[in-house]
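Peer 1: Sequence first, then the predicted structure, then my questions.
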Amino acid sequence: MRLLVLGGTDFAGRAVAEEARDRGWDVTVFHRGEHPAPPGVTVLRGDRTAPGGLEALGRGEWDAVVDTWKSAPRVVRDSARLLSGRAGRYAFVSSRSVYTWPVPAGLGEDGPLVDGDPDAEATDYAADKRGAELAVEREFGDGRSLLVRAGLLLGPRENVGRLPWWLERTARGGPLLAPGPRDTPLQYVDARDMARWILDALESGLSGPYNMVGPPGHTTIGELLDACVAATGGRARLVWVGPETLAEAGVSGWEDLPIWCPPGGELHDAVHRADVSRALATGLRCRPVTETVADTWAAMRATGGH
């Protein structure tokens, strides 16, 4: 397979490029040069937002494209339009944020969507991702477009800072406030597992939207934090505090305490209770949380993230 990754040097895009390379695919990454490209891939340089920035993509053919863009939909439109006659399929890593709020527990791919404009400049994250989806479908058609609606993404090189926040805190040791209950279920996907699914899906010709996150309850907040403590040397002592006590103290889930949301609430339903039966039925497999945590910590130490 000849694969073009638009980006391909940081977190999710890099996971795709490295997985494809390790499969023996012919991988090209197109990027601005802000991060080093993975070894063993062909590198094209350009700035998708600048006039003439796609010049390096003016020639060449690929079996598939993977795009992780998260801002102005018109950037995806321009790339997809340029490549539509020279690439077989286009996979766009979107987001479950494209569903209209509130997102109820168990929502599948047929849920109501926010408005989006494929020709728009950047507005807000949800509308931008939805507009980009529409751009891909317009240029490649339904049968050649794969829309990967990612949920919470974790794993090595995470560039948002959610799992690294907990790892850095547990590494300092001492008493650590742990938001309970311990058995609060979490739903996320390791970027490397998402990458494997995307490549398998491109090979098998899947199209349309897929919620991309692990099964509900793949792990719990207790298992996640235990793994963080173990990976960082076991110096932290978890002190469990219930959601009511946290709320009374003005401590919120997600923003103040990354990854965790109070169970039973609107945010927890939206983030940690998605229907992912389509992805699971088409081969999504998720590694243990202990592996995701340990590998993230190892990557942080190797790159000076701690």
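Peer 2: Cool, got the structure.
Peer 1: Skip the chain neighbours and tell me the closest residue to Asp142.
Peer 2: Ser207 (6.3 Å; Cβ to Cβ, 6 or more residues apart in numbering). Glycine gets a C-beta too; all of them are placed from N, C-alpha and C.
Peer 1: Please apply the same query to Ile198.
Peer 2: Ala91 (5.5 Å).
Peer 1: can you map out the helices along the stretch 51-200 of the chain?
Peer 2: Per DSSP state H, counting those that start in this stretch, the stretch 51-200 of the chain carries helices over the ranges 73-83, 125-140, 162-172, 191-204.
Peer 1: May I see these organised as TSV, with mean pLDDT added?
Peer 2: Shown next, in TSV, are the helices of the stretch 51-200 of the chain (pLDDT from 0 to 100):
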stretch	mean pLDDT
helix 73-83	98
helix 125-140	98
helix 162-172	98
helix 191-204	98
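Peer 1: Now tabulate these in TSV and tack on distance to Phe11.
Peer 2: Shown next, in TSV, are those (distance: least, Cβ to Cβ, whole Å):
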stretch	distance to Phe11
helix 73-83	18
helix 125-140	16
helix 162-172	12
helix 191-204	6
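Peer 1: And the ones you listed: which comes nearest Val229?
Peer 2: helix 162-172 (5.0 Å; Cβ to Cβ).
Peer 1: Just the C-alphas of that closest one, formatted as PDB.
Peer 2: This file holds the C-alpha atoms of helix 162-172, laid out as PDB (Å, rounded to 0.1, in the frame of the first residue of the first chain):
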ATOM      1  CA  ARG A 162      -4.200  14.600  30.000                       C
ATOM      2  CA  LEU A 163      -2.400  11.300  30.800                       C
ATOM      3  CA  PRO A 164       1.000  13.200  31.200                       C
ATOM      4  CA  TRP A 165      -0.600  15.400  33.900                       C
ATOM      5  CA  TRP A 166      -1.400  12.300  36.000                       C
ATOM      6  CA  LEU A 167       2.000  10.700  35.300                       C
ATOM      7  CA  GLU A 168       3.900  13.900  36.300                       C
ATOM      8  CA  ARG A 169       1.800  14.200  39.500                       C
ATOM      9  CA  THR A 170       2.300  10.600  40.500                       C
ATOM     10  CA  ALA A 171       6.000  10.800  39.800                       C
ATOM     11  CA  ARG A 172       6.300  13.500  42.500                       C
END
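Peer 1: helices or strands up against it?
Peer 2: Packing contacts for helix 162-172, counted by 3 or more Cβ pairs under 8 Å, 6 or more residues apart in numbering; DSSP states H and E, involve helix 221-231, strand 236-241, helix 289-302.
Peer 1: who's in contact with the longest one?
Peer 2: In this case it means helix 289-302. 154-158, 163-164, 167-168, 190, 218-219, 223-224, 227-228, 230-232, 305-306 (Cβ atoms under 8 Å, 6 or more residues apart in numbering).
Peer 1: now do 10 Å
Peer 2: 154-158, 163-164, 166-168, 170-171, 186, 188-193, 214, 218-220, 223-233, 286-288, 305-306 (Cβ atoms under 10 Å, 6 or more residues apart in numbering).
Peer 1: With the second one instead?
Peer 2: Contact with strand 236-241 is made by 166, 169-182, 221-222, 225-226, 228-230, 249, 251, 257, as judged by Cβ under 10 Å, 6+ apart.
Peer 1: And it, how far out from the chain middle?
Peer 2: 29 Å (Cα atoms, centre = their mean, to the nearest Å).
Peer 1: counting contacts, what elements does the next helix or strand after it pack onto?
Peer 2: Using DSSP states H and E, the helix or strand that follows strand 236-241 in sequence is helix 243-248. Judged by 3 or more Cβ pairs under 10 Å, 6 or more residues apart in numbering; DSSP states H and E, the packing partners of helix 243-248 are strand 174-179.
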